[in-house]
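A.B. asks: here is a sequence with its predicted model. Questions after.
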Amino acid sequence: QFQLVESGGGLVQPGGSLRLSCLASGLTLNYAIGWFRQAPGKEREGVSCISATSGTRNYADSVRGRFTISRDNAKNAVYLHMNNLKPEDTAVYYCAAALSFCDSDFTSWGLGTQVTVSS
């Protein structure tokens, strides 16, 4: 178990961009990191995931082509670059860690960062 802290959320106009950061304390080299989001009144959904080796990067259909996930293991950081944001991207975004692969169970979670897309 280790601590994950999200940052980078905020208010942005439609069509704008944000970069979310997920900083992890402790050893994360062997962990896949996923981004999830939850909008009011909706279930949490997976947005993107990057495997421990960065060999696998997954995206939800709703964000593919607009969002890009990357990681910097030297900084214990994973980033979610979000472009062409839409109002339906409004949600609390969480990062979570799973052992090695994106289809493993996510066992550590951050507290989330709010993203609001509105004019």
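C.D. replies: That came in fine, so what should we check first? Numbering: from 1, shown residues only.

A.B. asks: doesn't Ala77 make contact with Cys22?
C.D. replies: Yes. Between Cys22 and Ala77 a contact is recorded at 6.6 Å, counting by CB atoms under 8 Å. C-beta coordinates here come from the backbone N, C-alpha and C atoms, glycine included.

A.B. asks: so these two - more neighbours on which side?
C.D. replies: Set side by side, Cys22 and Ala77 show more neighbours around Cys22, with 27 against 16, by other CB atoms under 10 Å.

A.B. asks: can you pull the pLDDT of the closest residue to the more buried one other than its chain neighbours?
C.D. replies: Spatial nearest neighbour of Cys22, excluding adjacent residues (CB to CB, 6 or more residues apart in numbering): Cys95 at 3.4 Å. With respect to pLDDT, Cys95 scores 97.

A.B. asks: next: Ile50.
C.D. replies: Per-residue confidence (pLDDT) for Ile50: 96.

A.B. asks: what's the local residue count around it?
C.D. replies: Ile50: 23 neighbours (other CB under 10 Å).

A.B. asks: partners of it in the sheet?
C.D. replies: Ile50 forms beta bridges with Ile33, Arg57, as assigned by DSSP bridges.
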